[in-house]
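In: Next input, structure requested:
(chains A, B and C, ligands or ions: 2)
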Amino acid sequence: MARYRKLGLAPVAALATLSMMLAACGSSTPSSSGKLQASAPGITATTILIGSHQPLTGIAAPGYDEIAPASNAYFQYVNAHGGVYGRKIIYKYLNDQYNSSITTTVVRQLILQDHVFAIFNGLGTPTHLAVAPFINAEKVPDLFVASGCACWNAPSTWPETFGWQINYIREGKILGSYVAAHFKGERIAYFYQDDEFGLDGIKGLGYEIPASQVVAKEPYNVNAANPAAEVGTLTAALKASRAQVVIAFAVPAFMALLRLSELSLSYSPQLVSSSVGSDPITISGLLNAYAKKSGSFGDSLIQGMITDSYLPSLGDTTNSWISLFTKIHNEYIPKLPMDGNVLYGMAAAYTFVQAMFKAGRNPTRQDLVNAVNSGLPQGVSVAPYAYSATDHDGITGAYIAEIEKGVLVPLGPTQVTDNTPTGAVTTYTTAQPAAPTSGIP
Amino acid sequence: MPASSLAVTDVVAGYNSTPVLNGVSITARPATITAVLGANGAGKTTLLRTISGFVRTRGGQVRLDDVSLTRLAPDHIARAGVAHVPEGQGVITELTVEENLKLGLLLRRRADRAAALEDAYRKFSILADRRRRHAATLSGGERQMLVIARALLSAPRVLLLDEPSLGLAPKVVAQVMDLVRQLRDESGLTVLLVEQNARSALSIADQGVVLNLGKVVATAAAGELAADVALRRHYLGF
Amino acid sequence: MTLARNAGLGIIACVVLLVLCSKLDAYRQYQMAQVAATVVAVAGLTVLIGVSGQLSIGHGAFMFVGGYATALLVLHLNWPLALAIVASAVVAGLAGGVMGVAAARLRGPYLAGATLMLAVALPAVAYQWQGVFGGDQGLDFTVNTPGFLGASFQLTEWQGWVCCICLVIVMVLLANLLRSRIGRSWRALRDNETAAALAGLNVARLRVLAFMLSAACAGVAGSLLAMTMLNVTPGAFTLALSIQLLTAVVLGGLGSLAGAVWGGIILVLVPPFLTDFAASHGFSSASASVPIAGYGLVLIIVMLVFPAGIQGGVRRLLGPVAPAATGPVSAIGRRLARRLEEGSTTDARQEGVDKEGTRWPDTAN
Ligand SMILES: Nc1ncnc2c1ncn2[C@@H]1O[C@H](COP(=O)(O)OP(=O)(O)OP(=O)(O)O)[C@@H](O)[C@H]1O
Ligand SMILES: [Mg+2]
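Out: Ligands and ions are numbered 1, 2, ... in the order given. Presented below is the predicted three-dimensional model:
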């Protein structure tokens, strides 16, 4: 595991913003004008080829299969509006079925055969862990892994790899500090996935919640032969512990099963969920599907659930980012639901375009890595990025929200924190910058 | 090599719950032919399968000279020197004629194999002409010949023949019977010969045994049996 | 003699494959390594099913054993690759022996069920002892190109070489084995178990031996795949893999080593080809089911056109019709194909039966 530096975030954010402003205004780098060249593998005078591995079919596909099409929609939007320095982004994402052996093969295809410029937003912790050593050995930029594993932040072993979404330790700390403050003295239980995802999450929770309050810890096996039975047993244990608050680090399918088990056991603690398992549209859809119900059944079950989010709420129609992405959604991928997965895909794609612009007119692969290493300005996320030469974590904070009538309603301001046991969870007061009117960074 | 005797004593055996053989005793003296006769379903095939280990004995004993074969596995019994030519299809159609014969040679010493094979081809010239063909392409008679030849290649001490004449032309049946007799006389082979054609079986046999409903109803010298008109009428139908 | 002849052909094949591998780009080398590794597994399975007549639905489990054995040996004990591959074969072979002993008591659906259970249960081991097997994320390890090849020698080329060399070794050994007494005995007991036992064959032992051998091949395959991908994860050895191996066996032609080559090629190369084909013909990569449906279609068409498997079809095309006039190259190819193929490894098949136009396999009896 990588070592994390403890650092004050505000100065970093300020510095990052400043350096970006300088880069944007100055624009006097030698490559800022002149002919567009094939400056690196995957880059021609007219195109930028990037690749990804995504679960388009299989166990992880429901919901997650929208992410890459959403990213692609954003890239198409950029392409239609001048591209990146005139180059069009070609996004080739291959189906790995969330199976790391297939990931291994498709990523080799992308790098060795298709010669992509960079890998973007490869999805999944186990899947991407299987290829990160190879990607780094090939010195291919590995930007914005779609996983909150803290493991992506390892600049000395994996200099090419960068996380993007808030990592699970930070997320655990932010949820934990909220619960510790608002449910003082109540009985708390954890329900979590028995791997890096869940373990990182409860690690973060443990930094904030007094151990004396925790009455049960129930890990589930994501590969369980009979998930419903497994969750049923665990829910019974939760109920037996008489926990008043259950905090879940679970993927959507297991989140839905947990909720249904609670219902059948008439057990109704306050449910708190990580952002992974709390996209209202995804969860209510799953609830309806599992219970063979329709309409508002699913929504009614997640009403009042507490969660966190590092992207603006889809319910906030006044937010400039939401309106930008909704516009692009309606134009390019109207058949997909406008849900958290689509928002995620577009937001990650936006960040990638930010990095590409910063890398210069005729970038090499190293230029792209350097661009992120020197920090990216906050944009689509509610909190700034941690990016630096020694820190490859992405978004550093999130806000707590409650699900009401199927949308996230913020319960307070954005909180930021670091990965350490003692680093404080602090309020981030700087307002999120508005989306550029062109929609392009 | 001295000839061997086969002794079946009070054998009880069968399939599932009901025994087919109810205390069968037969002694085949060294270098003799014992004809085992009886109606369809009498238990003749079952008897041979019991001797060669495919049907478990539930009582009684099978001995080859001093060695007990009772409850041994089929391949061990084969190694002990009992060769069984089963009723119907005993050839392995997947293999060529020669490959079939080579299976029989597995029990022989390496040094003897080539000579034994040539000897078999001399005895069964039909097979020699077809040695590279697949057994699947042989006629019924040729197949029967092949199985007998394969059994003999293992240099057995006891040969169990289950209706070797089935489907063979009368002329070939005569040849087979001649061969069996020759094997007894020249090689000292002890033969248990199951036959529907009682007359031709008894003509070469030293001893005859009549089975009925899983029991031995008569044991006698072949000539005596053939002369016993009542028995012949009752059980053998000639 | 045949051993020498097979070995000679093996050396030629080896040289051709290595030269071919050197000419390819890195990704093709990687694919070549994958194909070679897969063919090793399919060849072992086709011997088990097509020659010894036993079914295993869970052969991925033995690949799992081989793959993890290699990863652990290289990672913790720093074993040289060649040794690790051999050790993986031995360990997987022993696992196969255990399965084979159980299999000897089981028939038909029960045997299928038992092997299926193995395929499902074994990867769970990786989750049970996460400390040793690394859970979902498995184990990463590295292999290096040997120094004598020079610093600029590509890793993917080296991986391709190792896989191709192992493939040729396994194929030569299997081809010889199938021509030997043991191969004959397997075919005998598959065809007519009673007659085989009457001929003095130890049926149970032969069965177990087939299982061990086949599992050892799967172990080598798992080991090769691991050293090609540089990691092992439970996800690499799912039940789906076992089923794919079965598919490849049937596609290639039951019991045919040459068929195993076809099966392996289809298994590895067709899905990515279809993905690219779908993408370049206007299906967006979001319609992920197009390549999958296409793959199913390919399988159906192959089975309709070649009911006896691809090698069965090739044999018909090359067999009775092909005159000697097709030249030395195709003659060598034909010889190679025949050499690799268990059923026709005897001179009898080539000289006697083919001449007489007898079709094979025969379903009589
Ligand atoms: N595999 C089996 N399972 C159950 N019963 C069997 C089996 N084989 C034979 N039998 C029964 O055992 C009895 C004896 O059969 P067996 O084959 O020994 O007769 P046989 O004397 O050889 O007759 P045939 O002259 O018709 O060949 C018959 O009643 C038969 O139905
Ligand atoms: Mg009979």
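In: In three-state terms, label whichever residue of chain A sits closest to ligand 1 for me.
Out: The minimum distance from chain A to ligand 1, using Cβ to the nearest ligand atom, falls at A:A225 (40.1 Å). Where you see a C-beta, it was placed from the backbone N, CA and C, and this is true even at glycine. Classification of A:A225 using DSSP: H, G, I helix; E, B strand; the rest coil returns coil.
In: cool, and the one 5 residues further on?
Out: At A:E230 the chain is in helix, as set by three-state DSSP.
In: mind checking pLDDT for B:L69?
Out: For B:L69, the model assigns a pLDDT of 91.
In: Ok, the one 10 residues further on next?
Out: According to the predicted model, the pLDDT of B:R79 comes to 87.
In: on that earlier part again, what sits closest to the residue of chain A closest to ligand 1 if chain neighbours are left out?
Out: C:V120 (7.9 Å; Cβ to Cβ, 6 or more residues apart in numbering or on different chains).
In: ok, now C:A226?
Out: C:G67 (4.0 Å).
In: That neighbour: neighbour count?
Out: C:G67 has 33 neighbouring residues, counting by other Cβ atoms under 10 Å in any protein chain shown.
In: tell me which residues in stretch A:256-270 are buried?
Out: Across stretch A:256-270, burial judged by 16 or more other Cβ atoms under 10 Å in any protein chain shown covers A:A256, A:L257, A:L258, A:R259, A:L260, A:S261, A:E262, A:Y267, A:P269, A:Q270.
In: Narrow those to those in helices?
Out: The members of those that map onto helices under DSSP state H are A:A256, A:L257, A:L258, A:R259, A:L260, A:S261, A:E262.
In: for those, which one is nearest B:Q175?
Out: Nearest to B:Q175, judged by Cβ to Cβ, of these is A:L257 at 77.7 Å.
In: quick revisit: farthest pair in the buried residues of stretch A:256-270?
Out: Of all pairs drawn from the buried residues of stretch A:256-270, the widest gap by Cβ to Cβ lies between A:L257 and A:Q270 and measures 18.3 Å.
In: list the buried ones in stretch A:191-211?
Out: A:191-209.
In: follow-up on the earlier one: dump the residue contacts of the residue nearest to A:A225.
Out: With Cβ atoms under 8 Å, 6 or more residues apart in numbering or on different chains as the criterion, the residues that contact C:V120 are A:A225, C:G58, C:L239.
In: coming back round to it: closest to A:T57 among the ones in helices among the buried residues of stretch A:256-270?
Out: Of these, the one sitting nearest to A:T57 (Cβ to Cβ) turns out to be A:A256, at 19.8 Å.
In: Quick one, grab the pLDDT at the closest one.
Out: So A:A256 comes in at 93 (pLDDT).
In: Isn't it up against A:D279?
Out: No - judged on Cβ atoms under 8 Å, A:A256 makes no contact with A:D279 at a distance of 11.3 Å.
In: ok, which stretches of chain B are strands?
Out: B:6-14, B:19-28, B:33-38, B:57-64, B:67-68, B:82-85, B:158-162, B:190-194, B:207-212, B:215-221 (DSSP state E).
In: C:L267 - nearest residue in space that isn't next to it in sequence?
Out: That would be C:A248: by Cβ to Cβ, 6+ apart, it lies 4.6 Å from C:L267.
In: what's the helix or strand containing the one you found packed up against?
Out: Applying DSSP states H and E as the criterion places C:A248 in helix C:239-252. Packing contacts for helix C:239-252, counted by 3 or more Cβ pairs under 8 Å, 6 or more residues apart in numbering or on different chains; DSSP states H and E, involve helix C:26-46, helix C:60-77, helix C:108-128, helix C:257-280, helix C:289-305, helix C:309-318.
In: Mean pLDDT added to those helices, as a markdown table?
Out: Shown next, in a markdown table, are these (pLDDT from 0 to 100):
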| stretch | mean pLDDT |
| --- | --- |
| helix C:26-46 | 92 |
| helix C:60-77 | 94 |
| helix C:108-128 | 82 |
| helix C:257-280 | 84 |
| helix C:289-305 | 77 |
| helix C:309-318 | 79 |
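In: give the contact list for B:A83.
Out: B:A83 neighbours (Cβ under 8 Å, 6+ apart): B:A151, B:L152, B:S154, B:P156, B:V158, B:L159, B:L160, C:L198.
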